[in-house]
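Peer 1: Take a look and give me a structure for this.
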Amino acid sequence: MTTPLPTRRRLSLGLALAAVLTGAGAYTAAAAPATTAPSPIPLTSPACPADLTQGEADGCVTQLQLELNLTGARLTVDGQFGPATGTAVRTFQAAHALTADGVVGPATKSALDAAATAASGTVDLRTQCGDLRTGATGPCVSTLQTMLNTFNAGRLTVDGQFGPATDTAVRNFQAAHALTVNGVVGTATKNALYTSTPTPLPSGAVDPTKVLNAAKSYLGVPYVWGGGHSLRGEGPGPSLGTCDGYTGSIQPCPANTTAGLDCSGLVRAAFWFGAGLDLANGGDTTEQTLDKHLTPITEAQRRPGDVEYFGTDAHNTTHVVLYAGTDPATGADMMYEAKETGTDVHYVGLRTGGYWYHVTA
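Peer 2: Have a look, this model is predicted:
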């Protein structure tokens, strides 16, 4: 039996693709990219206030914006510390365990300089880095994060820290390129990063073939209670889960040490990478049924790419599967499913009797 995931949402930090510049030591921009911006001044220069706050307008803010962009923001570099810059500062602070108050004081300056330095140093993963996995740090990880962002494999802040979000992005990339999904960046994954062509996330009308191909790429990934729900800010895709509310027979609970997907985590990943839709922003099955992109249909109206939820009513559900259509080899109706702890994502005969929904953009 599948038990409903407790309602938990975490906003993913660092949604932007970081630019990559070369440099050594504490990063200092050579020039502002916009002609209207004051020339950048290093944040630790005596010319900059001890605390940069909203309303500041000078080269110190130009430098601040350049460094924030290197670490994941998408700011217009104009030397004006306005609301957008304040939001980017708070996002950076929250991602680095700093007080998220929007004030750029000594601690924030130090962390930002270090993160920008890491992001600015590009290396060749194939020749300059060993295998990369959770816990790794430094320029190799920064380069990896930047490359993963170009493939839309994650929502990564480029900070040189191989944490849960980077692990999820690696697994997404591996799944999309028919590699062993283990979160370890070894030779095969590195080669694929350099030889594959990035493609944008799908947009527009939902193409069920792309959604089903995304689900298919996760076959063999372990079921994990809470996996795929951004509980640590990872974004869609295989991740560590949670032991909160876990009642499975496999003890001790493996969700805190195993990366994978639960049923709604699988459906979320399939529609994110197959259609560019983040259903319920990481919510559970019941929250997905309330997503604006879902329209109730009858079982007779089902077609490949539709979703079927099981529960006591249409908006009180505990399990979900993705309808794969009729298998041409067997003539049987099939589905993609992440069923329960101790099993993997699988492609099996369709079970009916649930509540059906069609997903549109």
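
Peer 1: Which parts of the stretch 51-200 of the chain are strands?
Peer 2: Using DSSP state E, counting those that start in this stretch, no strands are assigned anywhere in the stretch 51-200 of the chain.

Peer 1: Okay, now the unreliable bits of it?
Peer 2: 117-121 (pLDDT under 70).

Peer 1: Figure out how far the longest helix seen in the chain is from the centre of its chain.
Peer 2: Counting residues, the longest helix found in the chain (DSSP state H) is helix 106-120. Computed by Cα atoms, centre = their mean, to the nearest Å, the chain-centroid distance of helix 106-120 equals 22 Å.

Peer 1: Can we start the residue count at 441 from this point?
Peer 2: Got it, the first residue is 441 from now on, which makes the last one we talked about helix 546-560.

Peer 1: Give me the helices and strands touching it, please.
Peer 2: With contacts defined as 3 or more Cβ pairs under 8 Å, 6 or more residues apart in numbering; DSSP states H and E, the packing partners of helix 546-560 are helix 499-510, helix 523-535, helix 579-590. (Glycine included, C-beta is placed from N, CA and C.)

Peer 1: okay, that helix in PDB with CA atoms only?
Peer 2: The C-alpha coordinates for helix 546-560 follow below in PDB (Å, rounded to 0.1, in the frame of the first residue of the first chain):
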ATOM      1  CA  PRO A 546      30.700  41.200   5.800                       C
ATOM      2  CA  ALA A 547      29.400  37.600   6.000                       C
ATOM      3  CA  THR A 548      27.400  37.800   2.800                       C
ATOM      4  CA  LYS A 549      30.300  39.600   1.000                       C
ATOM      5  CA  SER A 550      32.600  36.800   2.000                       C
ATOM      6  CA  ALA A 551      30.300  34.000   0.900                       C
ATOM      7  CA  LEU A 552      29.400  35.700  -2.300                       C
ATOM      8  CA  ASP A 553      33.000  36.400  -3.200                       C
ATOM      9  CA  ALA A 554      33.800  32.700  -2.600                       C
ATOM     10  CA  ALA A 555      30.800  31.500  -4.600                       C
ATOM     11  CA  ALA A 556      31.600  33.800  -7.500                       C
ATOM     12  CA  THR A 557      35.200  32.700  -7.500                       C
ATOM     13  CA  ALA A 558      34.100  29.100  -7.700                       C
ATOM     14  CA  ALA A 559      31.700  29.800 -10.500                       C
ATOM     15  CA  SER A 560      34.200  31.800 -12.500                       C
END
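
Peer 1: nearest spatial neighbour of the most centrally placed residue in the chain, skipping sequence neighbours?
Peer 2: Ranked by distance to the mean C-alpha position of the chain (Cα atoms, centre = their mean), the top residue is G675 at 2.8 Å. Excluding its sequence neighbours, the residue lying closest to G675 (Cβ to Cβ, 6 or more residues apart in numbering) is R595, at 4.1 Å.

Peer 1: same thing with D498?
Peer 2: Going by Cβ to Cβ, 6+ apart, D498 has P478 as its nearest residue, at 5.5 Å.

Peer 1: how many other residues sit next to that neighbour?
Peer 2: 17 (other Cβ atoms under 10 Å).

Peer 1: Strand partners (parallel or antiparallel) of the longest strand belonging to the chain?
Peer 2: Assignment by DSSP state E gives strand 756-766 as the longest strand of the chain. Looking at strand 756-766 with DSSP bridges, its partner strands are strand 747-753 (antiparallel), strand 773-777 (antiparallel).

Peer 1: tell me how far that strand is from the chain's mean position?
Peer 2: With Cα atoms, centre = their mean, you get 23 Å for strand 756-766.

Peer 1: So what touches that strand?
Peer 2: By Cβ atoms under 8 Å, 6 or more residues apart in numbering, the surrounding residues in contact with strand 756-766 are 442-444, 651-652, 655, 703-704, 706-707, 710, 725-726, 728-729, 742-751, 772-777, 787, 790-791, 794-795.

Peer 1: In strands, which of these fall?
Peer 2: Using DSSP E, those in strands are 747-751, 773-777, 787, 795.

Peer 1: Kindly present the helices and strands packed on helix 546-560 as CSV, with separate columns for mean neighbour count and distance to P546.
Peer 2: CSV is the format used below for the helices and strands packed on helix 546-560 (neighbours: other Cβ atoms under 10 Å; distance: least, Cβ to Cβ, whole Å):
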stretch, mean neighbour count, distance to P546
helix 499-510, 26, 13
helix 523-535, 19, 13
helix 579-590, 23, 23
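
Peer 1: Would you reformat these as JSON lines and include distance to G681?
Peer 2: Shown next, in JSON lines, are these (distance: least, Cβ to Cβ, whole Å):
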{"stretch": "helix 499-510", "distance to G681": "31"}
{"stretch": "helix 523-535", "distance to G681": "21"}
{"stretch": "helix 579-590", "distance to G681": "21"}
